[in-house]
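Enquirer: 3D, please:
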Amino acid sequence: MKRVEQSNELEAAVKGRNVAVLFHATWCPFCRSFRSIFEDTMVKASHEAAEAVIDDEDNPLWTQHRIGIVPTVLFFEDGKVVSRVDGRPGMGLQKGDLDAAMQRQGG
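Expert: Presented below is the predicted three-dimensional model:
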């Protein structure tokens, strides 16, 4: 899974591709538990994936993609966001959240 931390890296990772990107922070306990679920799901679905690590609250990826809570997964098609699933306060994301989002994406 490709790791990105800056806007230009994310842009290169999603350009011309269908990619699911997990936005997370290493300090977030919900992110740590969800990361392996995300990675396993993407591998089983043969879906291209990347992770955007946004530990610094000043990282422009927070505002550029309207990330209000981590973890959040954005689905890109040819560089554009087509769908998203946002974590919930005090819960993060669960496997069922990702599975439902993947079904909506046709995966």
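
Enquirer: so what's the residue nearest the centre of the chain up against?
Expert: Residue closest to the average C-alpha location in the chain (C-alpha atoms, centre = their mean): residue 22, at 1.7 Å. By C-beta atoms under 8 Å, 6 or more residues apart in numbering, residue 22 lies in contact with 34-35, 38, 49-52, 71-73. C-betas here are computed from N, CA, C, even on glycine.

Enquirer: Report whether it is found in a strand, as I expect.
Expert: Yes. Membership of residue 22 in a strand is supported by DSSP: H, G, I helix; E, B strand; the rest coil.

Enquirer: Next one: it, what pLDDT does it get?
Expert: In this model, residue 22 is scored at 97, pLDDT.

Enquirer: same check, this time on residue 102
Expert: pLDDT at residue 102 comes out at 92.

Enquirer: so it, which of the three states?
Expert: Classified using three-state DSSP, residue 102 is helix.

Enquirer: for it, what are its contacts?
Expert: Contacts of residue 102 (C-beta under 8 Å, 6+ apart): 20, 41, 45, 47.

Enquirer: measure it to residue 28 for me?
Expert: 22 Å (C-beta to C-beta, to the nearest Å).

Enquirer: go on, residue 22?
Expert: Where residue 28 is concerned, residue 22 sits at a distance of 11 Å (C-beta to C-beta).

Enquirer: same deal with residue 92?
Expert: 8 Å.

Enquirer: just residue 74 next, same as before
Expert: 16 Å.

Enquirer: between those two, which one's more packed in?
Expert: residue 74 (23 against 18; other C-beta atoms under 10 Å).

Enquirer: That one belongs to a helix?
Expert: No. Looking at residue 74 with three-state DSSP, it is strand, so not inside a helix.

Enquirer: and residue 100, what does it touch?
Expert: residue 85.

Enquirer: where's stretch 29-36 relative to the chain centroid, distance-wise?
Expert: 12 Å (C-alpha atoms, centre = their mean, to the nearest Å).

Enquirer: residues making contact with it?
Expert: 22, 24-26, 51, 70-71, 87, 91-94.
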